[in-house]
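from the sequence below, what's the structure:
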Amino acid sequence: NVPLDRPVIITSNHMSYLDAYVLQAVLPVSCSFITKAELEAKPLIRLPLARLGAIPVERFDMEQGKEAVNRLSRLAAQGQSLLFFPEGTFQRIPGLLPFRMGAFLTAVQAGVPIVPVTIRGTRSKLRSESWFPRRGPISVVIGRPLEPAGTDWAAALKLRDAVRREILSHLGEPNLAGSYTPLYR
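Numbering: from 1, shown residues only. A predicted model of the protein is given here:
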């Protein structure tokens, strides 16, 4: 389900620090990972993510968020595939958190499809606030590409909602978003 002849934006739920490594192992394309800027202060995480081509972005400053979307849209339009965890973080309790809009705004601005990916099992293998790994199964479902239906905010919202429905259909965890997802939060 991942086009090999054009750039894509991969969006995945986020359960654990293992997620980036699992996706690196299973995806058939090379992607730059979009990470939260706070990880720059954690060398044990920052260094391996840098080797995976991570691009840190600021999540809490709206102006920096807009600049990041513009920069990432240019990269995607130039042929670079990107990987976002639109939840922006993970937690120990099960459930899909609200999505930030960066991935969806990037897709509509660049005119590239989003491929929704659902990861299951990593939350219990390396839990939040723990570095003790556990054994067990992990699965990844790669959904069909979803094309943006426009270049505006409404198209980004429509894309976000479609990706969210797709991920939830495979996740087996509750929807923790409610009906409102704030921009860049």
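
neighbours around Trp67, how many?
For the record, residue 67 is Glu, not Trp. The number of residues packed near Glu67 is 13, by other C-beta atoms under 10 Å. Every residue, glycine included, has its C-beta placed from N, CA and C.

identify the residues contacting the strand or helix carrying it?
Using DSSP states H and E, Glu67 sits within helix 62-77. With C-beta atoms under 8 Å, 6 or more residues apart in numbering as the test, helix 62-77 has contacts from 7, 9, 32, 34, 55, 57-59, 82, 102, 105-107, 109-112, 183-184.

counting neighbours, which bits of it end up buried?
Buried residues in helix 62-77, counting neighbours by 16 or more other C-beta atoms under 10 Å, are found at Gly65, Ala68, Val69, Leu72, Ser73, Leu75, Ala76.

chain center to the lowest-mean-pLDDT helix or strand in the chain, what's the gap?
Every helix and strand in the chain was compared by mean pLDDT, DSSP states H and E; the lowest is helix 43-51, with a mean of 73. Distance, stretch centre to chain centre, for helix 43-51: 17 Å (C-alpha atoms, centre = their mean, to the nearest Å).

buried ones in it?
By 16+ other C-beta under 10 Å, the buried positions in helix 43-51 come out as Ile45, Arg46, Leu49.

between these, which sits nearest Ala154?
Among these, Leu49 lies closest to Ala154 (C-beta to C-beta), at 32.9 Å.

nearest residue to the closest one other than its sequence neighbours?
Among residues not flanking Leu49 along the chain, Thr35 sits closest, at 5.7 Å (C-beta to C-beta, 6 or more residues apart in numbering).

give me the neighbour count for the one you found.
So Thr35, with other C-beta under 10 Å, has 23 neighbours.

the longest strand in the protein is where?
If you go by DSSP state E, the chain has its longest strand at strand 114-120.

check which residues of the helix or strand that that strand is followed by are buried.
Counting by DSSP H and E, the element after strand 114-120 in chain order, helix or strand, is helix 122-125. Of all the residues in helix 122-125, those buried under the rule 16+ other C-beta under 10 Å are Thr122, Arg123, Ser124, Lys125.

now helix 122-125: average pLDDT?
When pLDDT is averaged over helix 122-125, the result is 81.

OK, contacts around the residue nearest to Gly143 when sequence neighbours are not counted?
Take Gly143 and drop its neighbours on the chain: the residue closest to it by C-beta to C-beta, 6+ apart is Pro116, 4.0 Å away. Pro116 sits next to Thr11, Ser12, Gly143, Leu146, Ala162, Val163, Glu166, Ile167 when contact means C-beta under 8 Å, 6+ apart.

likewise Tyr17?
Counting by C-beta under 8 Å, 6+ apart, Tyr17 makes contact with Ile45, Leu126.

that one looks like it's in a strand, true?
No - counting by DSSP: H, G, I helix; E, B strand; the rest coil, one finds Tyr17 to be coil, located in no strand.
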